[in-house]
Every structure is written in structure tokens, then in C-alpha cells.
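**Q** 3D, please:
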Amino acid sequence: MTAHPEPDLVAADSAELRRLLDVRTARVDGQLALLAQRSAQYERDADDLHARVTRLESTRWPLPSAAALTGLAALVVAVWQALGR
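**A** Numbers count the residues shown, from 1 in each chain. Below you'll find the predicted structure:
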């Protein structure tokens with residue numbers, strides 16, 4: 001008769017649980033690293049987009065000022081034509 005084989009089973013089960021825990025922990029760590037990398041990439045993309053929008057806004061035409069100048073020029077031309085005839 002053998003002396004209690006149960007301690008070997010407990011040790012084997014404990015080792016298996018420890019291995020599974022290590023595998024799951026490594027998997028979670030990998031997923032967290034991937035999420036952190038994606039977050040950093042999204043932040044860089046947002047910063048680049050913000051810079052592009054700022055550049056576009058600074059180079060756009062000031063439409064209200066152009067409209068006022070056009071109106072003033074039309075008024076000057078109208079007055080000139082009225083006085084010239």
C-alpha cells in the first residue's frame with residue numbers, strides 16, 4: 001500500500017493553478033500595454049489634428065472684413081458713377 005498520494009496531487013494542482021495565474025497575468029499585462037500604446041497614439045493623432053486645424057484657421061480669409069471692403073468699394077464706385085454723369 002502506498003502512503004497518501006494526495007500531497008502530490010495538491011502540489012501538482014497548486015503548481016497548475018500558479019502557472020495558469022501567471023499566464024493570465026501576462027495576458028492582462030499585454031492587453032494593458034496595448035491599450036496604453038493605442039491611447040498614446042490617439043493622443044498624438046489628436047494633437048496633430050489640433051495643430052492642423054489651428055494652421056487652417058490662421059490662414060483662412062477674414063470673410064466679414066472682405067465683405068465690408070467689398071461693400072465700401074461698391075459704394076465708392078456708385079458715388080463716383082453718380083457724380084461723374
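**Q** mind listing the helices for this protein?
**A** Counting by DSSP state H, residue ranges of the helices within the chain are 6-59, 63-84.
**Q** can you put the ones you listed in JSON lines and add mean neighbour count and mean pLDDT?
**A** For every residue, glycine as well, the C-beta is placed using N, CA and C. Shown next, in JSON lines, are the helices of the chain (neighbours: other Cβ atoms under 10 Å; pLDDT from 0 to 100):
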{"stretch": "helix 6-59", "mean neighbour count": "10", "mean pLDDT": "94"}
{"stretch": "helix 63-84", "mean neighbour count": "9", "mean pLDDT": "91"}
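**Q** Roughly how far does Leu9 sit from Thr70?
**A** Relative to Thr70, Leu9 is positioned 92 Å away (Cβ to Cβ, to the nearest Å).
**Q** can you check Val76 too?
**A** Noted for Val76: a distance of 11 Å to Thr70, by Cβ to Cβ.
**Q** Repeat that for Leu49.
**A** Using Cβ to Cβ, one obtains 33 Å as the distance from Leu49 to Thr70.
**Q** Then Ala40?
**A** Ala40 sits 48 Å away from Thr70, going by Cβ to Cβ.
**Q** just Pro62 next, same as before
**A** Computed as Cβ to Cβ, the Pro62 to Thr70 distance reads 12 Å.
**Q** Next: Leu56.
**A** Taking Cβ to Cβ as the measure, Leu56 and Thr70 are separated by 23 Å.
**Q** For Pro62, what are phi and psi?
**A** In this entry, Pro62 is assigned phi and psi values of phi -80, psi 90 (degrees, to the nearest 10).
**Q** number of nearby residues for it?
**A** When neighbours are counted by other Cβ atoms under 10 Å, Pro62 registers 9.
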